[in-house]
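>>> Provide a 3D model corresponding to the input given below.
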Amino acid sequence: MTPDTVGPLSRLIDVMKIPPRGQDVQVEATAEECAALARDFGLPGIQALSGDYQLQASAKGIHVTGLVRAAITQICVMTLDPFDSTIEEEVEVDFAESSGMPAEPPTDINEYEPPDEIVNGQIDLGALTAEFLALGLDPYPRKPGVDFSYRDPADEKDSPFAALNKLKGPE
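Below is the predicted model:
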């Protein structure tokens, strides 16, 4: 990892220092990191971002489970109004040294998810937190209560049943 490849949120963990019984790690983004991530993701704001992780050493590398939580502001694709929402994404990722990764994936590629790489003996839980925030973002966010039900009145006038509706009269 170089400073150019690390995003605005970085929390490096030395895999050699993870105890055999495992380790709990919490990542909490600062206000500056939240602002930088909001710019990167095109969001009006990220008020809070955190990740709670359990790290467990395995024969293959490091197994990470946890939960990413965020309080964000998005823009509604219908009204273009900003609105606040929360995101919770479950995390389950394996990390392995590049030498420990299989040369070829198994024959059924749908079942194979390669592990993330341990780089220079470290894993970056900050980058993992940002990645799962990105995965949790709705690409077409809608403000709560906004529904897309467009009906063009001109369509009713030109409908073959419009004349029948006129004959029916008021109810």
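
>>> all helices of this structure, in order?
Ranges of helices within the chain are 31-41, 125-136, 153-157, 162-168, based on DSSP state H.

>>> Check the gap between the residue nearest to residue 96 when sequence neighbours are not counted and residue 50 for me.
In space, residue 96 comes closest to residue 61 once its chain neighbours are excluded; the distance is 3.5 Å by CB to CB, 6 or more residues apart in numbering. From N, CA and C alone the C-beta is placed, and that goes for glycine too. Relative to residue 50, residue 61 is positioned 24 Å away (CB to CB, to the nearest Å).

>>> rewinding a little: any chance of the helices of the chain in a markdown table, with mean pLDDT too?
Compiled in a markdown table, those are given as follows (pLDDT from 0 to 100):
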| stretch | mean pLDDT |
| --- | --- |
| helix 31-41 | 95 |
| helix 125-136 | 95 |
| helix 153-157 | 56 |
| helix 162-168 | 68 |
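
>>> Please identify the deepest-packed of these.
Using mean count of other CB atoms under 10 Å, the stretch among the helices of the chain with the greatest mean number of neighbours is helix 125-136 (a mean of 21).

>>> Among residue 61 and residue 50, which residue is more densely surrounded?
Using other CB atoms under 10 Å as the criterion, residue 61 and residue 50 rank with residue 61 on top: 19 against 14.

>>> quick one: that one from residue 99, how far?
10 Å.

>>> And for residue 56?
Noted for residue 56: a distance of 20 Å to residue 99, by CB to CB.

>>> repeat for residue 127
Here residue 127 is placed at a distance of 21 Å from residue 99 (CB to CB).

>>> where in the protein is pLDDT low?
Flagging of the chain using pLDDT under 70 yields the residue ranges 1-6, 100-112, 148-166, 169-171.

>>> how about the strands in it?
For the chain, the strands defined by DSSP state E occupy 12-14, 23-28, 45-57, 62-75, 82-96, 116-117, 122-124.

>>> Going by neighbour count, list what's buried in the last one.
For strand 122-124, a neighbour-count test (16 or more other CB atoms under 10 Å) marks 122-124 as buried.

>>> Dump the residues you listed to JSON lines, plus distance to residue 39.
As requested, the buried residues of strand 122-124 are exported to JSON lines (distance: CB to CB, whole Å):
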{"residue": "122", "distance to residue 39": "26"}
{"residue": "123", "distance to residue 39": "25"}
{"residue": "124", "distance to residue 39": "20"}
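
>>> can you tell me which of the residues you listed lies nearest to residue 80?
Nearest to residue 80, judged by CB to CB, of those is residue 124 at 34.9 Å.

>>> Residue 14 is in contact with the closest one, correct?
No. Between residue 124 and residue 14 there is no contact under CB atoms under 8 Å: 11.3 Å.

>>> Thank you, goodbye.
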